[in-house]
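> Okay, here's the prediction I keep looking at, along with the sequence it came from:
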Amino acid sequence: MTPFHAGELAIQERVGVRDHMAGAAAFIRDYLPEQHRQFYGQLPFFFLGALDAAGQPWATMLAAEAGFVSSPDERTLHISGGMLAGDPLEGQLHAGDHVGGLGLEPTTRRRNRVNGEIVAADEGSLRIAVTQSFGNCPQYIQHRQHSAAPDDGHKVQVLRGVALTAADRELIARADTFFIATANMNEEAGRGRGVDVSHRGGRPGFVRIDDERTLTSPEFVGNFFFNTLGNVNEYPRAGLLFIDFERGDMLHIAVDAEIIWDGPQLQAFAGAERLLRFHVREVVRNVAALPFRWTDAKPAMQVARTGSWSEADSAQSAAMLSQSWRAFNVVKVEQESDDVSSFYFEPADGLGVAAHEPGQYISLRVPEWAEGGAALQERSYTISDAANGRSYRISVKRAGVVSSWLHAHLAPGGQIELMGPAGDFTFEEGTGRPVVMLSAGIGITPMIAMLNSVLVNGSRTRHRHPIYFIHGAREVAHPFAVHLQTLAAGHSNLAVHMQRKRIDINLLRELPKDDYDYYLCGPAGFMQAMYAALRELHVPDQRIRLESFGPSSLLRSTSSLTSAA
């Protein structure tokens with residue numbers, strides 16, 4: 001009996017994680033673990049999602065003295081009050097209704113989820129029979145400390161409408177957090193039937209105000225349960241909650257939601273896996289209703305690799321200039337090893353950076369007075385990091401005229417001309433196949449970009465399947481060695497092997513061969529040797545993707561090989 005309903009399973013299937021998520025069913029319980037029961041009991045506020053009489057989901061925050069949420073036994077959650085006057089769910093909760101609950105502690109970034117059915121409702125108190133209970137990771141939760149709101153004797157003002165006011169749009173434009181309630185009440189949903197309320201976080205500006213009745217928000221990588229998207233896939237109505245943490249307002253928005261799977265806006269928004277577009281039905285704003293105020297946010301570390309809509313707009317404009325030379329500022333230089341440095345560039349014209357796929361390159365043009373001749377020198381270098389919407393990074397080995405000039409002359413505050421990004425050597429998303437990355441020397445740079453893209457923020461990965469990262473180099477201190485070891489320590493699906501000698505066929509023989517994708521990058525001789533070895537080991541040609549540095553005349557074979565060396 002899976003805890004996922006058809007809508008959730010359909011999303012998991014589409015993104016290639018359904019088989020892996022079968023094992024996640026064990027993490028979704030029908031009872032409350034003791035630590036969750038204690039956690040809920042210490043919270044002075046609690047997030048709730050439920051349907052009104054018309055079937056519209058709403059998301060809200062309940063607030064009272066710590067202890068107003070309790071658990072008399074592992075299968076029951078009790079909520080005593082906490083509903084604020086003017087809340088769209090006021091008077092709407094009755095026995096037999098389903099609710100979704102979220103306990104969240106911003107100071108520790110801890111959160112736990114509980115869904116269930118109301119079995120008794122009396123004078124603002126709810127007794128809920130637990131149907132689903134599970135923990136969530138701390139991703140995208142902004143650190144905030146709450147305190148009691150000043151008691152100025154004001155009366156809560158409730159504003160209602162069918163479109164977003166200027167004040168509503170101002171709040172959303174600076175929001176770094178919102179909550180979304182969704183539901184699937186189909187009888188066929190089985191254990192997945194019910195209501196869910198989920199947290200969303202990002203950089204301020206991560207929710208786009210398209211107009212007074214339309215919003216668009218990115219969906220970042222998460223736990224792959226797809227509770228929200230799965231519900232929307234089955235029942236598109238949703239409820240949003242934005243909180244003014246400075247003034248205590250609650251902005252409730254009833255919407256119709258749609259999933260955006262592709263397109264230029266999605267491609268331009270750094271870190272976005274999908275988009276959700278919301279069409280406004282109704283707006284309820286409770287002015288200064290909350291009895292708490294919060295300090296300014298300390299951003300979650302995960303948001304550093306995510307974008308904003310202003311950056312996404314700039315990226316789409318910059319994409320039109322990818323075939324033109326543009327001036328970029330050098331903002332940082334990092335020494336990766338004795339002869340490899342990483343250079344970070346941001347556009348000097350303020351138009352943003354065009355989105356790139358991991359594995360692509362940019363071209364650089366150095367000034368006429370560079371050593372080696374009077375003519376302008378042009379070279380292409382692989383972007384050595386995942387897209388972040390704000391900058392490019394290249395990692396360059398000191399060898400040759402142009403690379404030596406970069407090491408000698410480029411420093412923070414400098415400027416250089418770039419063109420791109422471009423290139424077809426990119427990571428193929430969504431295949432659902434395990435991956436082997438083979439590199440030599442400075443050929444590590446596109447592999448690092450690919451790896452940083454699929455292993456997100458050190459805590460989540462887009463690629464749920466095994467990844468073998470194998471690198472050979474002559475240097476004792478390999479570029480990115482510490483970075484790779486850190487990633488391997490944080491991701492059980494990543495195995496890293498680095499050696500001070502050429503990778504040979506004996507090592508390749510130890511790797512699994514069935515249904516794997518291989519990515520190769522390095523000098524021409526290395527590429528030919530690795531390609532020939534893989535073909536001799538019966539790896540299909542179409543599963544070998546490669547990029548070489550310098551002149552190359554790699555010979556590929558699409559015929560079947562019947563014997564191994």
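Right, received. Where do you want to start? The structure displayed is predicted, hence computed values, not measured ones.

> Next up, phi/psi of residue 556, please.
Per-residue torsions, residue 556: phi -100, psi 150 (degrees, to the nearest 10).

> show me what contacts it?
531, 541 (CB atoms under 8 Å, 6 or more residues apart in numbering). Using the backbone N, CA and C atoms, a C-beta is placed for each residue, glycine as well.

> so what pLDDT did it get?
Predicted confidence (pLDDT) for residue 556: 76.

> any idea how far residue 546 is from it?
9 Å (CB to CB, to the nearest Å).

> Show me the shaky parts of the stretch 1-150 of the chain.
Low-confidence segments of the stretch 1-150 of the chain (pLDDT under 70): none present.

> any shared contact partners between residue 556 and residue 546?
By CB under 8 Å, 6+ apart, residue 556 and residue 546 have these common neighbours: residue 531.

> looking at it, residue 378 is touching residue 363, isn't it?
Yes - using CB atoms under 8 Å, residue 378 is in contact with residue 363, at 5.8 Å.

> For stretch 327-336, the averaged confidence score.
On average, the pLDDT along stretch 327-336 is 96.

> er, stretch 409-418 actually
Rounded mean pLDDT across stretch 409-418 is 95.

> With just CA atoms, put it into PDB.
Output of stretch 409-418 as PDB, limited to C-alpha atoms (Å, rounded to 0.1, in the frame of the first residue of the first chain):
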ATOM      1  CA  HIS A 409      47.200  39.700 -15.300                       C
ATOM      2  CA  LEU A 410      43.600  38.900 -14.300                       C
ATOM      3  CA  ALA A 411      42.800  40.000 -10.700                       C
ATOM      4  CA  PRO A 412      39.600  41.200  -9.000                       C
ATOM      5  CA  GLY A 413      38.700  44.600 -10.400                       C
ATOM      6  CA  GLY A 414      40.000  43.700 -13.900                       C
ATOM      7  CA  GLN A 415      37.900  43.300 -17.000                       C
ATOM      8  CA  ILE A 416      37.900  41.100 -20.000                       C
ATOM      9  CA  GLU A 417      35.700  40.400 -23.100                       C
ATOM     10  CA  LEU A 418      33.600  37.200 -23.200                       C
END
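
> how about the strands of the stretch 51-200 of the chain, start to end?
57-63, 69-73, 76-80, 98-105, 110-122, 125-136, 146-148, 157-161, 177-184, 194-201 (DSSP state E, counting those that start in this stretch).

> nearest spatial neighbour of residue 503, skipping sequence neighbours?
Leaving aside its chain neighbours, residue 503 sits nearest to residue 472 (4.7 Å; criterion: CB to CB, 6 or more residues apart in numbering).

> ditto for residue 362
Once flanking residues are discounted, residue 362 sits nearest to residue 420: 3.7 Å by CB to CB, 6+ apart.

> Share the number of residues neighbouring the one you found, please.
Per other CB atoms under 10 Å, the neighbour tally for residue 420 reads 21.

> how would you label it: helix, strand or coil?
For residue 420, the assignment made with DSSP: H, G, I helix; E, B strand; the rest coil gives strand.

> Could you pull up the contacting residues of it?
322, 354, 356, 360, 361, 362, 363, 380.

> do the same with residue 444
Residue 444 sits next to 395, 471, 473, 478, 479, 480, 521 when contact means CB under 8 Å, 6+ apart.

> So what's the predicted local confidence for it?
pLDDT at residue 444 comes out at 94.

> swap in residue 374?
On the pLDDT scale, residue 374 gets 53.

> Okay, strands next: where are they in the stretch 451-565 of the chain?
Per DSSP E, counting those that start in this stretch, the stretch 451-565 of the chain carries strands over the ranges 455-456, 460-461, 467-472, 494-499, 517-523, 544-549.

> would a markdown table of those strands with mean neighbour count be doable?
Formatted as a markdown table, those follow (neighbours: other CB atoms under 10 Å):
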| stretch | mean neighbour count |
| --- | --- |
| strand 455-456 | 22 |
| strand 460-461 | 19 |
| strand 467-472 | 22 |
| strand 494-499 | 17 |
| strand 517-523 | 23 |
| strand 544-549 | 20 |
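
> so can I have TSV of those showing distance to residue 92 and mean pLDDT?
Below are the strands of the stretch 451-565 of the chain laid out as TSV (distance: least, CB to CB, whole Å; pLDDT from 0 to 100):
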stretch	distance to residue 92	mean pLDDT
strand 455-456	38	81
strand 460-461	35	68
strand 467-472	48	93
strand 494-499	47	91
strand 517-523	51	92
strand 544-549	55	81
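
> which stretch among the ones you listed comes nearest residue 68?
Closest of the strands of the stretch 451-565 of the chain to residue 68 is strand 460-461, at 32.6 Å (criterion: CB to CB).

> Using CSV, list the CA coordinates for stretch 446-466.
The C-alpha coordinates for stretch 446-466 follow below in CSV (Å, rounded to 0.1, in the frame of the first residue of the first chain):
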residue,chain,number,x,y,z
PRO,A,446,33.3,20.3,-17.2
MET,A,447,32.9,17.3,-14.9
ILE,A,448,32.9,19.6,-11.9
ALA,A,449,30.2,21.8,-13.5
MET,A,450,28.1,18.7,-14.2
LEU,A,451,28.6,17.3,-10.7
ASN,A,452,27.8,20.6,-9.0
SER,A,453,24.6,20.8,-11.1
VAL,A,454,23.3,17.4,-10.2
LEU,A,455,24.4,17.4,-6.6
VAL,A,456,22.6,20.3,-5.2
ASN,A,457,23.7,22.3,-2.1
GLY,A,458,25.3,19.4,-0.4
SER,A,459,22.0,18.1,0.8
ARG,A,460,19.9,17.1,-2.2
THR,A,461,20.6,15.7,-5.6
ARG,A,462,18.7,15.8,-8.9
HIS,A,463,20.4,12.5,-9.8
ARG,A,464,19.2,9.7,-7.5
HIS,A,465,21.3,7.1,-9.2
PRO,A,466,25.0,6.1,-8.6
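
> so how far is that stretch off the chain centroid?
Centroid separation for stretch 446-466 versus its chain: 11 Å, with CA atoms, centre = their mean, to the nearest Å.

> Among the contacts of residue 444, pick out the one closest to residue 120, please.
residue 480 (58.2 Å).

> any idea of the pLDDT on the residue lying closest to that closest one once chain neighbours are set aside?
Leaving aside its sequence neighbours, residue 480 sits nearest to residue 448 (CB to CB, 6+ apart; 5.5 Å). As predicted, residue 448 sits at a pLDDT of 95.
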